[in-house]
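Peer 1: Kindly return the folded structure for what I paste below:
(2 chains)
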Amino acid sequence: MGKFQGDIVINTERCKGCEVCVAACPFSVIAMSKDVNGKGYHFAIKVNDECTGCTNCGTVCPDGVITVYRAKVTTE
Amino acid sequence: MEELFAKPEIRKPENIVYKKTNLMIDRPLSYCPGCGHGTTHRMLMEVIEEMGIQENTIGVSPVGCSVLAYDFLDIDMLGAAHGRAPALASAIKRLWPNRFVFTYQGDGDLAAIGTAETIHACNRGENITIIFINNGIYGMTGGQMAPTTLEGMRTATSPYGRDIATMGYPLKITELIAHLPGVNYVTRQAVHTPNHVRKTKKAIRKAFEIQKEKKGLSFIEVVSNCNSGWKLTPVQANKWMEENMFPFYPLGDMKIDGKLV
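Peer 2: Below you'll find the model as predicted:
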């Protein structure tokens, strides 16, 4: 496990499903949902626990829907 | 829907490392999915937030997709007649020399109808910042050919590809502007990958610093996609842009501190 762990929160109602974040994530944390939001877009969802909080997805999202968290985790 | 991989122990306000700046008004952007306008808007507002100049900044929006920029950016903004944003920005800057003034224009606005205003504002060395979004197409009106459309590129008004013999060459207006003595800083950036987005933010920051020091005009071209106009998905459009736009519009600084690079 890495020293840093991250988490992302996606504002799914504002997501337009452009998939730019999927291409930007180095750990394949994000994928597109099978469900659609109120506007009819397949929104982005988090699909695994590999996030390190690198902020790539948040930086590249055209609509700024991703909030990124990062914390140092002490491992035994 | 319940989130499967949420980590409540990390998801605390003190651990936030990235969130959309509060200077972006909280409403859905009117742009297509994957459009570079949203990213550029956000980087611009992050720079304004970091410099603490929200109260002192006046923006001029163009005619084009970003005509509604004043709906999204929480600063004072004016809408200019088509192509006339640099002329209006010159007037604002002369009336309020201590305000930060920028224009935000697309390629149809800046390089077609507004060529005269752009070139003369640059040649006068007005102390403003011009942000120029180049996607090689008229996005808002349905994907017609723009001056910056590449050779052979299919658009609504060049259905067999742009033919140089009848339609002329693509216009490299940023290179033209770099040769004018009144211009201090000219650069070309992109916003399709995180790395390029961060570089664009640095370029915008530099442009505003130049304006603060009253050194002359700063000009930032952002090569962006228009996936609706190009009839591609956003990710495909970014790839197409890397393969076709970047060889013709190479990224990087063209002029720093009044000297050509």
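
Peer 1: near chain A, which residues of the stretch 101-250 of chain B?
Peer 2: B:191-194, B:197-198, B:227, B:233-235, B:238 (CB under 8 Å from any CB of the partner chain). Where C-beta positions appear, they are placed from N, C-alpha and C, glycine not excepted.

Peer 1: how does it look with 6 Å?
Peer 2: With CB under 6 Å from any CB of the partner chain as the criterion, the stretch 101-250 of chain B meets chain A at residues B:194, B:197, B:234-235.

Peer 1: possible to save these as CSV with secondary structure and neighbour count?
Peer 2: Below are those laid out as CSV (DSSP: H, G, I helix; E, B strand; the rest coil; neighbours: other CB atoms under 10 Å in any protein chain shown):
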residue, secondary structure, neighbour count
B:Pro194, helix, 22
B:Val197, helix, 25
B:Pro234, helix, 23
B:Val235, helix, 18
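
Peer 1: pLDDT for those - can I get that in TSV?
Peer 2: TSV is the format used below for those (pLDDT from 0 to 100):
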residue	pLDDT
B:Pro194	95
B:Val197	96
B:Pro234	95
B:Val235	95
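
Peer 1: And chain B, is stretch A:46-63 touching that?
Peer 2: Yes: Stretch A:46-63 lies within reach of chain B by CB under 6 Å from any CB, at A:46, A:49, A:53, A:55-56, A:58-60, A:62-63.

Peer 1: between these, which has the most around it?
Peer 2: Highest neighbour count within the residues of stretch A:46-63 next to chain B: A:Pro62, with 28 neighbours (other CB atoms under 10 Å in any protein chain shown).

Peer 1: Where does that residue sit, in terms of helix or strand?
Peer 2: Secondary-structure assignment from DSSP states H and E places A:Pro62 in no helical or strand segment.

Peer 1: How about the contacts made by it?
Peer 2: Each residue near A:Pro62 by CB atoms under 6 Å, 6 or more residues apart in numbering or on different chains is listed here: B:35, B:38-39.

Peer 1: and which of these is nearest to chain A?
Peer 2: Nearest to chain A out of the contacts of A:Pro62 is B:Gly38 (CB to the nearest CB; 3.4 Å).

Peer 1: Checking my notes, that closest one in a helix, right?
Peer 2: Yes: with DSSP: H, G, I helix; E, B strand; the rest coil as the criterion, B:Gly38 is part of a helix.

Peer 1: if we can go back for a sec, TSV for the contacts of A:Pro62, including neighbour count?
Peer 2: Below are those laid out as TSV (neighbours: other CB atoms under 10 Å in any protein chain shown):
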residue	neighbour count
B:Cys35	29
B:Gly38	26
B:Thr39	28
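
Peer 1: Reformat those as JSON lines; add pLDDT and distance to chain A.
Peer 2: Below are those laid out as JSON lines (pLDDT from 0 to 100; distance: CB to the nearest CB, whole Å):
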{"residue": "B:Cys35", "pLDDT": "94", "distance to chain A": "6"}
{"residue": "B:Gly38", "pLDDT": "95", "distance to chain A": "3"}
{"residue": "B:Thr39", "pLDDT": "95", "distance to chain A": "5"}
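
Peer 1: How much space separates B:Thr24 from B:Thr174?
Peer 2: For the record, residue B:24 is Met, not Thr. To B:Thr174, B:Met24 is 26 Å away according to CB to CB, to the nearest Å.

Peer 1: Of the two, give the one with the bigger neighbour count.
Peer 2: The residue with more neighbours, out of B:Met24 and B:Thr174, is B:Thr174; 23 against 20, by other CB under 10 Å.

Peer 1: Write down the beta-bridge partners of the nearest residue to the more buried one once chain neighbours are set aside, one by one.
Peer 2: Spatial nearest neighbour of B:Thr174, chain neighbours left out: B:Glu221 (4.5 Å); criterion: CB to CB, 6 or more residues apart in numbering or on different chains. Here B:Glu221 sits in beta bridges with B:Phe132, B:Arg188, as judged by DSSP bridges.

Peer 1: Out of the residues of the stretch 101-250 of chain B next to chain A, flag the one nearest to B:Pro250.
Peer 2: B:Val197 (18.1 Å; CB to CB).

Peer 1: neighbours around B:Leu260, how many?
Peer 2: 11.

Peer 1: Can you get me a residue count around B:Asn244?
Peer 2: A count of nearby residues for B:Asn244, using other CB under 10 Å, gives 16.

Peer 1: how would you label it: helix, strand or coil?
Peer 2: Classification of B:Asn244 by three-state DSSP places it in helix.

Peer 1: Now do the same contact list for whichever residue of the stretch 51-200 of chain B sits closest to chain A.
Peer 2: Among the residues of the stretch 51-200 of chain B, B:Pro194 lies nearest to chain A; the distance is 4.1 Å by CB to the nearest CB. B:Pro194 is in contact with A:24, A:56, A:59-60, counting by CB under 6 Å, 6+ apart.

Peer 1: ok so, going back, what about the residue nearest to B:Thr174, how many neighbours?
Peer 2: 28.

Peer 1: for the one 5 residues further on, same thing?
Peer 2: Each residue near B:Cys226 was counted by other CB under 10 Å, and the total is 30.

Peer 1: tell me the contacts of the nearest residue to B:Gly125 once chain neighbours are set aside?
Peer 2: Once flanking residues are discounted, B:Gly125 sits nearest to B:Gly182: 2.5 Å by CB to CB, 6+ apart. By CB under 6 Å, 6+ apart, the contact list for B:Gly182 reads B:122-125, B:216-217.
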